[in-house]
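Q: I'll drop the sequence and a predicted model, then ask my questions.
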Amino acid sequence: MTTAETRSINPDVDAIRHHYEVGNDLYRLILGPTMMYSGGYWEDGEDLVATLDEAQERKLDVFTDLAQAAGKAKVLDIGCGWGTMLNRLTTVHGVQQAVGVTLSRTQADFVAALDNPAIHARVESWEDHKADGEPYDAAFCINALEHFVLSSLTPKERTQRYRVFFKQVHSLLKPGARFVLHTMTVENPPLRRQLLDDLKFLQREEFEGCHIPRLPELAAGLDGLFEVTEIRNEPESFARACRAWLQLLAARRDEAVAMADETTVQRFERYLDIFAYTLEDHIFNNFRVTLTRRA
Ligand SMILES: C[S@@+](CC[C@H](N)C(=O)[O-])C[C@H]1O[C@@H](n2cnc3c(N)ncnc32)[C@H](O)[C@@H]1O
């Protein structure tokens, strides 16, 4: 749901659903049992597929520490996917209530089927979310911000939109609360024909209209609202996840085609490979940013 005021500059809900509502079974085949659709923390030399679940859980636990979320009353996950972070916060880290927002109805159904009364995924856009009662004690946004701002906006409008995002998160959190963000960013890409074709494919066909942010856009958006407590670039975390998912997909390709269709599977193969190599070549970054809400 979006308000009339924001609808014209929001990413198209249908574009998000085009990607996320191809079926939970297909995603399970590609992502493995943890159903995390973002970077993981592998140790050097570890087998990518054999340690996929461990790498994802390690990431969630590091994020929980950074957000100082363990044992807290209320935690928010913006762009919560299939609810893995919500579930881990409440079953492993003693969080009393974890709320997620997603635009995907199939993801929300999946979270409901986890049958954990301490977690809840709402089908709503980040700007429409309101905390029931007290503000949140901590928040996460894990590889979802890449969907939140349209590439068709002018640079000035995009900066304004990131500002709206950080203002919204600020308003949802208690003073001093932590917000941990994992997001891809992009520098000026080199002008290579294949790369330009691949970026066009990402933007026009797979993630229609989505804008991968630039670091200065984020810095302008959060200025005065949050203190930057830690920032690090870890492109290998997402590149390795893409490589692991590609291996899982290759191993069960026939099943994947039966679940979806050949075109869908080819789309996944192409875009996962583009993300993997652009992150490996440092054309895309994947920044982990730990923020502390200013009073
Ligand atoms: C790449 S997935 C990441 C999911 C999860 N954070 C994870 O790490 O597995 C991006 C998520 O952002 C959600 N999303 C996209 N646009 C959104 C919006 N405007 N408001 C809320 N969620 C959104 C998608 O529905 C999806 O759940």
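A: Looks like it arrived, so ask away.

Q: and the top strand by length along the chain, what other elements does it pack with?
A: With DSSP state E applied, the strand covering the greatest number of residues in the chain is identified as strand 173-186. Using 3 or more Cβ pairs under 8 Å, 6 or more residues apart in numbering; DSSP states H and E as the contact test, the elements touching strand 173-186 are helix 52-66, strand 136-142, helix 215-222, strand 284-293. All C-beta atoms are positioned from the backbone trio N, CA, C, and that covers glycine.

Q: In a markdown table: those, plus mean neighbour count.
A: Written out in a markdown table, the entries for the helices and strands packed on strand 173-186 read as follows (neighbours: other Cβ atoms under 10 Å):
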| stretch | mean neighbour count |
| --- | --- |
| helix 52-66 | 20 |
| strand 136-142 | 24 |
| helix 215-222 | 18 |
| strand 284-293 | 22 |
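
Q: quick one, which of the ones you listed is nearest to residue 203?
A: Between residue 203 and the helices and strands packed on strand 173-186, the tightest spacing by Cβ to Cβ is seen for strand 284-293, at 12.7 Å.

Q: List the strands paired with the closest one, with their directions.
A: Taking DSSP bridges as the criterion, strand 284-293 forms sheet pairs with strand 173-186 (antiparallel), strand 226-233 (antiparallel).

Q: Which positions within the next helix-or-strand element following the longest strand of the chain qualify as buried?
A: On the C-terminal side of strand 173-186, the closest following helix or strand by DSSP states H and E is helix 193-201. Of the residues in helix 193-201, those buried by neighbour count under the rule 16 or more other Cβ atoms under 10 Å are 195, 198, 199.

Q: give me phi/psi at residue 252?
A: phi -130, psi 40 (degrees, to the nearest 10).

Q: mind checking the SS state of the residue nearest to residue 93 when sequence neighbours are not counted?
A: On the basis of Cβ to Cβ, 6 or more residues apart in numbering, the spatially nearest residue to residue 93 that is not a chain neighbour turns out to be residue 70, at 4.3 Å. For residue 70, the secondary structure call by DSSP: H, G, I helix; E, B strand; the rest coil comes out as coil.

Q: So residue 70 is in contact with residue 90, correct?
A: No: look at residue 70 against residue 90 with Cβ atoms under 8 Å: they stay out of range, at 10.8 Å.

Q: Which of the two has more residues huddled nearby?
A: Between residue 70 and residue 90, counted using other Cβ atoms under 10 Å, the more crowded position is residue 90 (18 against 15).

Q: centre of the chain versus the helix or strand harbouring the more buried one, how much separation?
A: Counting by DSSP H and E, the element that carries residue 90 is helix 84-91. In this view, helix 84-91 has its centroid 16 Å away from the chain centroid, taken as Cα atoms, centre = their mean, to the nearest Å.
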